[in-house]
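S.K.: Here you go, sequence then predicted model.
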Amino acid sequence: MEATLTAPHILQPAKTERDFRTENLSIFYGTYEAVKGISLPFPEKSVTALIGPSGCGKSTFLRSLNRMNDEISGSTSKGSIWIDGVDINSPSTDVIKLRQKIGMVWQKPNPFYKSIYENIAFGPKYHGVKGKKSLDEIVESSLRRAALWDEVKDRLKDSALALSGGQQQRLCIARALSVNPQILLLDEPASALDPVSTGKVEELIKELKEQLRIVIVTHNMQQAARISDFTAYFYLGQVIEYGMTEKVFTNPENTMTQEYIMGRFG
Ligand SMILES: Nc1ncnc2c1ncn2[C@@H]1O[C@H](COP(=O)(O)OP(=O)(O)OP(=O)(O)O)[C@@H](O)[C@H]1O
């Protein structure tokens, strides 16, 4: 498709101690630049949706926010990711602690081959929580926050793999919540789920944003419009439009954003 790219919208939000934002972030696979100098803010108590056609760098960008992309051989990055006044993209960052602060849930539910209880208790135990009472409390509160407690409270010792796909995904969200993150990164968390489970995950996201920041990659435009406060439209590794979701969806500035949202390409 013939397309004229406008200059990427480089945002320079006010810098505060509580900031979570990227600044001129580029990610490479070898010499290929998959993400090109993106500066995006992620405001508190909000959901930011990353949308755009396949291969435009959404997942790469998302994974870089808690340095998961570092695990891919040949991947390197340039630029900064600021959180609480610290650039977590620096080599000295303790990535284990970082991933406690910034949790991630993947497209396909990936519970451990363990009981429901152990799936949730694993992270807190790893980070030093001891004692059955403390762990019981964390398991219950995490499952409650993920709106799964009532469905599983009588079968905590059962294998997590016995749960339905939608329940497994909420379990994975509960697992991420168990270490009390400030930010949740969600990579198409409902794309493998039926409509009822999708609705539950969306409700959950709306509730969770009162407590933390959420960044979500989604191909589902209705979903992005329903649950997000801000939307970034990615194209060929750049953000070509960013703004309040309502504005991006009803009155986008870039014709490419409009065409994509209306399903005319991508
Ligand atoms: N592990 C990898 N090694 C090399 N190139 C990669 C790797 N992962 C992604 N890429 C390339 O980086 C670019 C961005 O991919 P990415 O998966 O981030 O896009 P995306 O927008 O999330 O796509 P989709 O919507 O299809 O999931 C693509 O050209 C892809 O081929």
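M.R.: Received, thanks.
S.K.: Only C-alpha atoms from now on, for both contacts and neighbour counts.
M.R.: OK.
S.K.: Now do the strands in the stretch 51-200 of the chain.
M.R.: 75-83, 86-87, 102-105, 183-187 (DSSP state E, counting those that start in this stretch).
S.K.: mind showing which ranges of the stretch 101-250 of the chain have poor pLDDT?
M.R.: Within the stretch 101-250 of the chain, no stretch falls below the threshold (pLDDT under 70).
S.K.: beta partners for the residue nearest the centre of the chain?
M.R.: In the chain, the centroid-proximal residue (C-alpha atoms, centre = their mean) is L185; its distance is 1.7 Å. Under DSSP bridges, the beta-bridge partners of L185 are M104, V215.
S.K.: thought it was touching S64?
M.R.: No: the criterion here is C-alpha atoms under 8 Å, and L185 misses it with S64 at 10.2 Å.
S.K.: can you tell me how far the residue nearest to the centre of the chain sits from the ligand?
M.R.: When C-alpha to the nearest ligand atom, to the nearest Å is the yardstick, L185 and the ligand sit 13 Å from each other.
S.K.: Report the contact partners of that residue.
M.R.: Counting by C-alpha atoms under 8 Å, 6 or more residues apart in numbering, L185 touches L62, R63, I102, G103, M104, V105, I214, V215, I216.
S.K.: Test my guess that S228 contacts K45.
M.R.: No: assessed by C-alpha under 8 Å, S228 is found out of contact with K45, at 10.8 Å.
S.K.: Give me the more crowded residue out of the two.
M.R.: More crowded of S228 and K45, by other C-alpha atoms under 10 Å: S228, with 23 against 18.
S.K.: Can you name the residues of the stretch 51-200 of the chain sitting close to the ligand?
M.R.: Proximity of the stretch 51-200 of the chain to the ligand (C-alpha under 6 Å from any ligand atom) is limited to residues P53, S54, G55, C56, G57, K58, S59, T60, I72.
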